[in-house]
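Trainee: with the input below, show me the fold.
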Amino acid sequence: MKRLLALGRLGVNFLWEAIVSGWTTALIILRGDKGLQPGLVHMSYGDLNDTAANFLGALVTLTPGTTTVDIDLERGELLLHLLDAKQAEATLASIRRDFLQPVRILFGGKP
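Mentor: Reported below is the predicted structural model:
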């Protein structure tokens, strides 16, 4: 039952993030925002297995404004490209809350 709830939560979270991020990214492009600071950041994903880590990387990449550049399975971290690295902490917190926790439950890890 926990996995089913995690799947539902993940689906809702992904759809919401895709819509909000898509809208935000479109506004940035249309405005021609010159204040952006694109950059790379590392995000630890802990004890996820390889399949779960790849699934998490795909979810992040499918959300506009973020792209998974590399998945380091040995170190347990993602290398992410952010459209605006000035908001890196908020972006990483959102990924951990909305994607990492449900993925961990879905693939049988510790919540």
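
Trainee: every contact and neighbour count from this point should use C-alpha atoms.
Mentor: Will do.

Trainee: now do the strands in the protein.
Mentor: Per DSSP state E, the chain carries strands over the ranges 39-44, 66-72, 77-82.

Trainee: chain center to the last one, what's the gap?
Mentor: Relative to its chain's centre, strand 77-82 lies at 9 Å (C-alpha atoms, centre = their mean, to the nearest Å).

Trainee: how about the second one?
Mentor: For strand 66-72, the separation from the chain centroid amounts to 9 Å (computed by C-alpha atoms, centre = their mean).

Trainee: what's the angle between that strand and strand 77-82?
Mentor: 160 degrees (axes from the mean of the first three to the mean of the last three C-alpha atoms, to 10 degrees).

Trainee: okay, the strands of the chain in a markdown table with mean pLDDT next?
Mentor: Listed next are those as a markdown table, based on pLDDT from 0 to 100:
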| stretch | mean pLDDT |
| --- | --- |
| strand 39-44 | 96 |
| strand 66-72 | 96 |
| strand 77-82 | 97 |
